[in-house]
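Peer 1: mind looking at a prediction? Sequence and model below.
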Amino acid sequence: MFTAVAAVLVLIAGIGDVVAQPGGTTDSNGFVPTAGSPSGDAEQLTTAFLTAWGKDDLAQAAAYTSDPAAALPALRKYWKYLNLRSLSGTVKTAVATTSGVAGVRTAATPPAGAAPASVAEAGTLEQVAVGLNAKVAASPAATALAGVWSYDTTLEAYQAAGSSGWYLKWSPDVVAPNLTASQHLAAVTAVPSVVQVTDSAGTPLSAYNDAGLSTIAGLIQQNGTSGQGKDGLYVQIDNASGKAVPNSQAVVVSPQNVGELKTTIDPKAERLARTAVNKHVGSSAVVIQPSTGHILAIANNAQDNDFALTAQVAPGSTMKIITSTALFNGGYTTASSPVACPSVVTVTGVSIHNDDGESEPPGTPFSYDFAQSCNDAFTQWYPDLYGKLASTAKDYYGLNQPWNIGIGKLSGQYFNAPANAQGSELAEEAFGQGRLLAAPIAMASVAATVDSGSFKQPILVPGTKQLTAKPLPSSTDSQLKEMMRDVVTEGTGEGLGFGPDVYAKTGTADVSGQEQPNSWFVAFDPQEDVAVAILVTNAGYGAQIAAPESQYFLSNY
């Protein structure tokens, strides 16, 4: 256990030099002290060792030990994993303990690094008490958080049998008590803990009994949060795999903890979202404020699953917002351009059918294809979309990359469109199927981006650094708004009770082997500065299942 070290930790302001001058000389038979007494000789040897160690002359320091071949890599790890800035040591006392110690170097020992030729009895063994001050840092960077770790340890010095030379008896705990050969010390950042995580009004997130909010609260308490509190610095023992040995952390700089952390969760939005998703099992919702990216609600009704953030499913026809963006930006079509939607399109030998044989004749405005969600109006553009779906998702919607929403240093990727998709795969991705993966938080952000005209990365903790993306070209944004409004007035969302300021897109994603498709709906209301995405798994058409849940939320918000 490392608690013996932790008990003597002291944070000090500066670092002193090694107290004693080394004295003595070094020859092929070890360090030859001049003190004239066993304790004095042991102190001189130990001082020489500490001086070499502190000057990063590790080969010389290792040569003062009984096993240079084992000592040298251990001393190097000490410097490396502690990101050592400086090291000083003080010899306190030396006390004779045992005579006739086996297993140490003798006068016949070969040069440092070579295997001993023999092992024999040594003379007097001296225990030397040492105080060490190590200035450690969280990383090699000059600006990294640093502090002084002070601790005591005991070294063992002996005079080689039949020689005037002295050595330090090597064992892994020479560098710190209780260390083993398979372990090393490491300096690590200590994130500030959070006592309580609440919504924006101060109500604990746990009070909502939502799987997602409860998970988030636990993760924030465990990993801290971006922008609040202040990191500390620990020294810990790591095993050979680089994992911390339990209960081995020693405080060098204490983190500044957070008593109460208020998130962006809005009580009204959360309450309405919770009521909305309770209408169907397997439902989840995310609500975002487009002007800021603040996440106003996360709601789940899927047992213990947090699908709002963790779902990895195809986004269905909500993807047509991104596809249309790519088409408009590339000049391939406009909202008013005539675009037929044939009932079937064959791509690289694969026949792609619209649902229920649906089709739209030549001369149909592209906006009407979008409103009616006719798939093959989008499929046929696949030769022009190579690489463009993935790049458009990232460049304008901030997708296809990890987001940190404010949970310590943790990041998650909530959307993935493979950049190398081609042929029939790319054709299917154009209308939201294939290998696309999305969670409601991503698609709510897509709707929010169209609303505001530019991407505001969703965040859960105020002050969290947000990724940026290119603003949507004004012409593209106005055409997307036109088409999303058409969804409500003459498309798949018509007659569902949405108000005059709601813009939306339905989505239905078939899943192989699943009884019903996944139901999607995204919408925004610029008058209320709110965007919402709802996913209901294994449920049915987006207009039939997810849309009414969204309508409930928006009409009551």
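Peer 2: Cool, got the structure.
Peer 1: what separation is there between residue 495 and residue 370?
Peer 2: Going from residue 495 to residue 370 by CB to CB, to the nearest Å gives 18 Å. (C-beta placed from N, C-alpha, C; glycine too.)
Peer 1: neighbour count winner among the two?
Peer 2: It is residue 370, of residue 495 and residue 370, that has more neighbours when counted by other CB atoms under 10 Å, with 28 against 9.
Peer 1: that one in helix, strand or coil?
Peer 2: Of the three states, residue 370 takes helix under DSSP: H, G, I helix; E, B strand; the rest coil.
Peer 1: the one 4 residues further on now?
Peer 2: In three-state terms, and counting by three-state DSSP, residue 374 is coil.
Peer 1: and it, how many neighbours?
Peer 2: With other CB under 10 Å as criterion, residue 374 counts 27.
Peer 1: could you check the pLDDT of it?
Peer 2: Looking at residue 374, its pLDDT stands at 95.
Peer 1: quick check: chain neighbours aside, which residue is closest to it?
Peer 2: residue 341 (3.7 Å; CB to CB, 6 or more residues apart in numbering).
Peer 1: before we move on, what about residue 240?
Peer 2: Residue 240 sits nearest to residue 182 (CB to CB, 6+ apart), 4.7 Å away.
Peer 1: gap between that neighbour and residue 239?
Peer 2: 6 Å.
Peer 1: out of the two, which sits in the more crowded spot?
Peer 2: residue 239 (13 against 10).
Peer 1: okay, the more buried one: pLDDT?
Peer 2: For residue 239, the model assigns a pLDDT of 94.
Peer 1: quick one: residues contacting it.
Peer 2: If a contact means CB atoms under 8 Å, 6 or more residues apart in numbering, then residue 239 has 182-183, 245 as its contacts.
Peer 1: okay, and for this protein, where does confidence drop off?
Peer 2: 1-29, 98-123, 226-227 (pLDDT under 70).
Peer 1: residue ranges of each domain in it, please.
Peer 2: The chain is divided into the following domains under automatic domain parsing: 3-181, 194-262, 267-556.
Peer 1: which other helices and strands does the helix or strand where residue 321 lies contact?
Peer 2: According to DSSP states H and E, residue 321 maps onto helix 320-329. Here helix 320-329 touches helix 366-372, helix 388-397, helix 440-452, helix 474-490, going by 3 or more CB pairs under 8 Å, 6 or more residues apart in numbering; DSSP states H and E.
Peer 1: may I have stretch 423-438 as PDB, with CA atoms only?
Peer 2: Provided in PDB are the C-alpha atoms of stretch 423-438 (Å, rounded to 0.1, in the frame of the first residue of the first chain):
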ATOM      1  CA  GLY A 423     -22.400   3.300 -54.800                       C
ATOM      2  CA  SER A 424     -25.600   1.900 -53.300                       C
ATOM      3  CA  GLU A 425     -24.300   2.600 -49.800                       C
ATOM      4  CA  LEU A 426     -24.000   6.300 -50.500                       C
ATOM      5  CA  ALA A 427     -27.300   6.300 -52.200                       C
ATOM      6  CA  GLU A 428     -29.000   4.900 -49.100                       C
ATOM      7  CA  GLU A 429     -27.200   7.300 -46.800                       C
ATOM      8  CA  ALA A 430     -28.600  10.200 -48.900                       C
ATOM      9  CA  PHE A 431     -32.000   9.400 -47.400                       C
ATOM     10  CA  GLY A 432     -30.800   8.400 -43.900                       C
ATOM     11  CA  GLN A 433     -30.100   4.600 -44.100                       C
ATOM     12  CA  GLY A 434     -27.000   2.500 -44.600                       C
ATOM     13  CA  ARG A 435     -24.100   2.800 -42.200                       C
ATOM     14  CA  LEU A 436     -25.100   6.200 -40.800                       C
ATOM     15  CA  LEU A 437     -25.200   6.400 -37.000                       C
ATOM     16  CA  ALA A 438     -26.900   9.100 -35.000                       C
END
